[in-house]
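*Asks:* quick one, fold the following:
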Amino acid sequence: PPVLNKVFQNYLFKIIRRQNSFTLTFFPQMMLNYDGNSVQVLAGPHMKGQHCGMCGDYNRNTYHEFIDPQMCSLKTGDEMALAWTLDNKYCSQKITKPACTLRESIP
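*Replies:* Reported below is the predicted structural model:
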């Protein structure tokens, strides 16, 4: 049977249920929230400025978040999803990736 409302002193992660949503906590590294429709990943504060890729660079500057693998600036999340899609050899249908019109210089 599941263990409810029990506090464990030494744990690797914690699962919290609130009505129809779940939170998986790997404190202080990260937290995942699931509401039945989407997943939100929150990285811990020590991760700031240490990322790159589809999830952004987590530097508190939202201007540079839509960047493709070639460091080109993108306009929308849809463009970003297409840009980071696996190469066509892994997909059954042809993927048209957005054109690189402006290359960003990210510090």
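
*Asks:* can you show me the helices along the protein?
*Replies:* For the chain, the helices defined by DSSP state H occupy 77-83.

*Asks:* how about the strands in it?
*Replies:* 14-18, 21-26, 30-34, 39-43 (DSSP state E).

*Asks:* which of the ones you listed sits closest to residue 66?
*Replies:* Shortest separation from residue 66 across those is recorded for strand 39-43, at 17.1 Å, computed as Cβ to Cβ. (C-beta placed from N, C-alpha, C; glycine too.)

*Asks:* that older thread, Serialize the strands of the chain to JSON lines and add fields for mean neighbour count and mean pLDDT.
*Replies:* Output for those, formatted as JSON lines (neighbours: other Cβ atoms under 10 Å; pLDDT from 0 to 100):
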{"stretch": "strand 14-18", "mean neighbour count": "11", "mean pLDDT": "87"}
{"stretch": "strand 21-26", "mean neighbour count": "14", "mean pLDDT": "88"}
{"stretch": "strand 30-34", "mean neighbour count": "15", "mean pLDDT": "88"}
{"stretch": "strand 39-43", "mean neighbour count": "11", "mean pLDDT": "83"}
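
*Asks:* buried ones in stretch 92-99?
*Replies:* Neighbour-count burial for stretch 92-99 flags 97, 98 (criterion: 16 or more other Cβ atoms under 10 Å).

*Asks:* got the strands of the chain as a markdown table, with distance to residue 94 columns?
*Replies:* Shown next, in a markdown table, are those (distance: least, Cβ to Cβ, whole Å):
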| stretch | distance to residue 94 |
| --- | --- |
| strand 14-18 | 40 |
| strand 21-26 | 36 |
| strand 30-34 | 32 |
| strand 39-43 | 28 |
